[in-house]
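>>> Coordinates for the following, if possible.
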Amino acid sequence: MHSSSPIKKAIFPVGGLGTRFLPATKSMPKEMLPVVDKPLIQYAVEEAAEAGVEEFIFVTGRGKSAIEDHFDHSMELEQTLESRSKTEALALVRDMMHQPGSVAYIRQQEPAGLGHAVWCARHIVADEPVAVLLADDLIKAAAGKKNCLGEMVDAWSAHGGNMVAAMEVPLNDTSSYGIITPGDSHGPLTEVNGLVEKPKPEDAPSRLAVVGRYIIEPGVFSELSRMERGAGGEIQLTDSLARRIGEVPFHGMTFSGTRFDCGSKLGFLQANVAFALDRDDLAADLSQWMKDQNL
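Predicted structure coming up:
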C-alpha cells in the first residue's frame with residue numbers, strides 16, 4: 001500500500017556509544033533501551049511509518065547488531081510463541097516487521113558527528129527529500145494530534161525546503177542545543193534566518209531549539225560533502241542546513257507533542273512514567289503506587 005506522503009525515506013542515526021548510560025549500554029545499543037516495553041528505536045520507526053515513510057535507513061556502528069536483529073524475524077521465538085498459543089505476543093513481534101528490502105543498514109565507521117552520519121546515507125537517499133529521526137528524542141504525540149513527524153510532513157508539503165522540529169527551552173539550556181535565529185512566525189512555523197550550534201546563554205539568538213526531527217532537501221548533502229568540522233570538532237548537520245539559508249525555504253516547526261530527552265537519565269525515567277501512565281493496563285496501579293509512596 002503506497003502512502004500519499006511526499007517523504008518516503010527516513011534516516012535513523014544509531015551509531016552513538018551511549019556513554020551516559022553505562023554500564024547498561026556496554027553491550028546493548030542505547031537505542032534499544034526500553035520505555036515501558038518497547039525500545040526507543042521502535043518508537044522512532046513507528047513514528048516515521050505513521051507519517052508515511054516506506055524506506056528505513058539505519059546508520060550504525062560496531063556493536064549495533066541488536067538493532068538489526070530487532071527488526072528481523074526470530075524464527076525460534078515465533079515458533080515457540082505459536083506452539084504455546086501466545087497469539088497476542090506473536091502478533092506484537094510480527095506486526096513490527098517491514099517489507100523485505102525496505103530496511104537498510106550502513107556503517108558509519110567513525111563517530112564524526114550527526115552530519116557525517118546523515119551523509120553516509122547519501123547513496124540510498126539519492127536525489128529526494130528525506131526525514132531524519134533521532135531515537136534519543138522521544139516525542140509523545142498530543143491527544144488527538146498527529147505525531148511530530150506527521151505534523152512536519154504536513155507543513156513541509158506546503159513549503160518544501162528544509163524543516164526542523166523546534167521547541168522553546170530555558171535560556172540556561174541553550175548551550176545544549178542548536179538554536180534558531182528566528183524570522184517571521186506563522187502559527188507553529190517560524191522562518192529560520194540562522195542556526196547557532198550550542199551557544200552560551202548570553203550569545204543565544206532565541207530560546208527556540210532544534211530537537212531530533214529534520215526534513216532535509218538534497219542540497220544539504222552537497223554541503224555535508226565539504227566535510228567541514230564545526231562544534232565539538234564534528235561534522236554538524238545544523239552547519240550544512242545553515243548554509244542552505246537563502247537557497248531554499250527553511251522553517252522550524254513547534255510541534256504539539258511532549259519531548260523527552262532520553263539521552264539523559266532523568267528524561268528517560270520521565271518518559272517511562274509518562275508512557276506507563278498512558279497505558280490502560282498500567283495507569284491505575286502505577287498512579288496508586290505513586291500516591292502510596294507520596295511521589
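>>> quick one: contacts of the worst-scoring helix or strand of the chain on mean pLDDT?
Scoring the helices and strands of the chain by mean pLDDT, DSSP states H and E places helix 87-95 at the bottom, with a mean of 76. The contact list for helix 87-95 (C-beta atoms under 8 Å, 6 or more residues apart in numbering) reads 74, 77, 78, 81, 82. C-beta here means a position set from N, CA and C on the backbone, and glycine is covered the same way.
>>> what do you get if the cut-off is 7 Å, keeping everything else the same?
77, 78, 81, 82 (C-beta atoms under 7 Å, 6 or more residues apart in numbering).
>>> Identify each buried residue in it, please.
residue 90 (16 or more other C-beta atoms under 10 Å).
>>> How far off centre is it?
25 Å (C-alpha atoms, centre = their mean, to the nearest Å).
>>> any idea which helix or strand comes after that helix?
strand 103-107 (DSSP states H and E).
>>> Can you give the distance of that next one from its chain's centre?
Distance of strand 103-107 from the chain centroid (C-alpha atoms, centre = their mean) equals 16 Å.
>>> ok, now stretch 128-146?
Per C-alpha atoms, centre = their mean, the centroid offset for stretch 128-146 relative to its chain is 6 Å.
>>> Next: stretch 222-239.
In terms of C-alpha atoms, centre = their mean, the centre of stretch 222-239 is found 19 Å from the chain centre.
>>> what does stretch 279-288 give?
27 Å.
>>> Contacts for it, please.
36, 276, 277.
>>> Including neighbour count and pLDDT, could the contacts of helix 87-95 go into JSON lines?
Output for the contacts of helix 87-95, formatted as JSON lines (neighbours: other C-beta atoms under 10 Å; pLDDT from 0 to 100):
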{"residue": "77", "neighbour count": "13", "pLDDT": "78"}
{"residue": "78", "neighbour count": "15", "pLDDT": "77"}
{"residue": "81", "neighbour count": "19", "pLDDT": "78"}
{"residue": "82", "neighbour count": "12", "pLDDT": "82"}
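>>> Identify, from these, the entry nearest to residue 177.
residue 77 (39.6 Å; C-beta to C-beta).
>>> Contact partners for the closest one?
The contact partners of residue 77, by C-beta under 7 Å, 6+ apart, come to residue 93.
>>> Of the contacts of stretch 279-288, select the buried ones using a PyMOL command.
PyMOL command restricting those to the buried ones, with burial defined by 16+ other C-beta under 10 Å:
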select buried, resi 276
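>>> can you give me the helices for this structure?
Using DSSP state H, the helices of the chain run over 40-50, 65-70, 75-83, 87-95, 114-119, 122-125, 148-159, 219-224, 237-243, 265-276, 283-292.
>>> right, so of these, which gets closest to residue 28?
helix 65-70 (6.1 Å).
>>> what's the distance between the closest one and the middle of its chain?
Worked out by C-alpha atoms, centre = their mean, helix 65-70 lies 17 Å from the chain centre.
>>> And for stretch 159-167?
Relative to its parent chain, stretch 159-167 has a centroid offset of 14 Å by C-alpha atoms, centre = their mean.
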